[in-house]
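> Structure for the following, please:
(2 chains)
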Protein chains: 2
Amino acid sequence: MDAFRPLTVDLPAWVPTLLGQRTHVVSDDERVALAIALARENVAHGSGGPFGAAVFDDRTGRLIAVGTNSVRRLGNCVLHAEVMALMFAVQQAGTHAFDRAAPPAIMLATSCDPCAMCLGAVLWSGVRRVVCGATREDALAIGFDEGPVFPASLQYLADRGITFTHGVRRAEACAVLHDFVAAGNPVY
Amino acid sequence: MDAFRPLTVDLPAWVPTLLGQRTHVVSDDERVALAIALARENVAHGSGGPFGAAVFDDRTGRLIAVGTNSVRRLGNCVLHAEVMALMFAVQQAGTHAFDRAAPPAIMLATSCDPCAMCLGAVLWSGVRRVVCGATREDALAIGFDEGPVFPASLQYLADRGITFTHGVRRAEACAVLHDFVAAGNPVY
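Numbers count the residues shown, from 1 in each chain, chains lettered A, B, ... in the order given. Down below sits the predicted model:
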């Protein structure tokens, strides 16, 4: 069976240039700004959907990993920006998941509220805090499906110590979504 | 940033031997039996948690791809059996997702009800039918967290044409879960 062939997950070639010498990002606002920049560049380079994400050590602001929507670039429906960032973050940390009960506290910044799959990945990753740009409603309004995410879903994560902040730099994040659609890209 | 390093996802080395010359599996019962066998062998070989999955062309029974829980083997919290099987299946098919509205109809057989993350992955994958062994309640009863999955979650997928069958070969599927725990393995 040819499906025994391993698969490789990588970031677009333009990512190191975007990040430059940046190693730490301190404020939530700037962390989400980076996630939005990843989303915007992903669209500009035609390397995927309008979604970006980044994982940080929440105390020091150290940038651990980033992700860009790579569904079409890598031909893989699972490779949303958040899944990419979390996969690279745990690889980088040499663990299968961060320990939510021990330092360092890990946070995820995203350009848009995570879909149902990514919300599950957040739960398993050990991330303690998620800060998002565009909201679920913003994504739905332009035709993206976010999957079965309910208030009870966020409460389920809250009960396990995971907090969410929504709508940071929302207008800027929404602009990336709208530009993607306006350029005639497929919404899936 | 070392996180630019690509990551590789592969199946355990014992999988081709387990599958042997098997290319088609016709009944739901036998498809779930294969998913359970993958789970059982995964535990026996110490290559991951007690979960297996397989993707089939639903009409012909052609086996497209398989997955085994690889969270600890590959150090990656995202690599549940279902995510693995779906990633390999779309790679195998040369698409980012199957078209739910066009042939071939694709189905997923699992050794246990999918968690919240895998349920989201099912939605994005284009799979139309999911047939499961052990139930969510069986997994919860021995200490596995399944994440925020509610009746409304399954209804959300049903509204998009995705049907679920639960509890196929349930006792056999549960035995794998129980044997995993009884052997002193960590439940995470």
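> Residues in contact with the helix ranked longest in chain A: which ones?
For chain A, the helix with the greatest residue count under DSSP state H is helix A:28-44. Here helix A:28-44 makes contact (C-beta atoms under 8 Å, 6 or more residues apart in numbering or on different chains) with A:12, A:14-15, A:18, A:22, A:25, A:48-54, A:56, A:61, A:63, A:66-69, A:81, A:107, A:109-112, A:131-133, A:165, A:168-169, A:172-173, A:176, A:179-180, A:183, A:185. Placement of C-beta: from N, CA and C, glycine included.
> Report pLDDT for A:P186.
Listed pLDDT for A:P186 reads 83.
> so it is in which element?
Assigned by DSSP states H and E, A:P186 falls within no helix or strand.
> mind checking how far it is from chain B?
A:P186 is 11 Å from chain B, where distance means C-beta to the nearest C-beta, to the nearest Å.
> what about the strands in chain A?
A:7-9, A:52-57, A:63-68, A:106-112, A:129-134, A:163-165 (DSSP state E).
> returning to what we had before: give me the buried subset of the contacts of helix A:28-44.
Buried by 16 or more other C-beta atoms under 10 Å in any protein chain shown: A:12, A:15, A:18, A:25, A:48-54, A:56, A:63, A:66-69, A:81, A:107, A:109-112, A:131-133, A:168-169, A:172-173, A:176, A:180, out of the contacts of helix A:28-44.
> Also near chain B: which of those residues, exactly?
A:V15, A:L63, A:V66 (C-beta under 8 Å from any C-beta of the partner chain).
> Could you dump the residues you listed into CSV with pLDDT added?
Conversion of those to CSV gives the following (pLDDT from 0 to 100):
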residue, pLDDT
A:V15, 97
A:L63, 98
A:V66, 98
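> for the closest residue to A:V187 other than its chain neighbours, phi and psi?
Excluding the flanking residues, the one nearest A:V187 by C-beta to C-beta, 6 or more residues apart in numbering or on different chains is A:G143, at 4.1 Å. Torsion angles at A:G143 (phi, psi; degrees, to the nearest 10) stand at phi 110, psi 0.
> what's the distance between A:T68 and A:H45?
Per C-beta to C-beta, to the nearest Å, A:T68 is found 9 Å from A:H45.
> For those two, list the residues in contact with both.
A:P12.
> what bits of chain A have low per-residue confidence?
Low-confidence segments of chain A (pLDDT under 70): A:1-3.
> where along it do the helices fall?
Counting by DSSP H, one finds helices in chain A at the ranges A:15-19, A:28-44, A:81-93, A:116-125, A:136-141, A:151-158, A:170-182.
> what's the fourth one in contact with?
Put plainly, it is helix A:116-125. Residues outside helix A:116-125 that contact it (C-beta under 8 Å, 6+ apart): A:78, A:80, A:82-83, A:86, A:89-90, A:97-98, A:106, A:108, A:110, A:114, A:130, A:146-149, A:153-154, A:156-157, A:160, A:162, B:71, B:77-78, B:115-121, B:123-124, B:145, B:147-148, B:153.
> burial count for A:I142?
A:I142 has 15 neighbours, counted by other C-beta atoms under 10 Å in any protein chain shown.
> tell me the contacts of it?
Contacts of A:I142 (C-beta under 8 Å, 6+ apart): A:L177, A:H178, A:V181, A:V187.
> ok, back up a step: could the strands of chain A go into TSV alongside distance to B:L38?
Listed next are the strands of chain A as TSV, based on distance: least, C-beta to C-beta, whole Å:
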stretch	distance to B:L38
strand A:7-9	18
strand A:52-57	30
strand A:63-68	28
strand A:106-112	31
strand A:129-134	32
strand A:163-165	35
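> Relative to B:T8, which of these is closest?
Closest to B:T8 of the strands of chain A, according to C-beta to C-beta: strand A:7-9, at 5.5 Å.
> Adjacent strands (with direction) for that closest one?
Within its sheet, and counting by DSSP bridges, strand A:7-9 is paired with strand B:7-9 (antiparallel).
> show me what contacts the residue nearest to A:A173 when sequence neighbours are not counted?
Sequence neighbours aside, A:G133 is the residue nearest to A:A173 in space, at 3.0 Å (criterion: C-beta to C-beta, 6+ apart). A:G133 is in contact with A:32, A:35-36, A:110-112, A:167-170, A:172-174, counting by C-beta under 8 Å, 6+ apart.
> List just the nearest of those residues to B:P6.
Of all the contacts of A:G133, B:P6 sits closest to A:A35, with 20.9 Å by C-beta to C-beta.
> To what extent is the closest one buried, counted in neighbours?
Neighbours of A:A35 under the rule other C-beta under 10 Å: 31.
> Please tell me how far it sits from A:A134.
10 Å.
> List the residues that are in contact with both of these two.
With C-beta under 8 Å, 6+ apart, A:A35 and A:A134 have common neighbours A:S111.
> quick revisit: does the residue nearest to A:V187 touch A:P186 like I think?
No - the pair A:G143 and A:P186 does not pass the contact test of C-beta atoms under 8 Å, sitting 9.7 Å apart.
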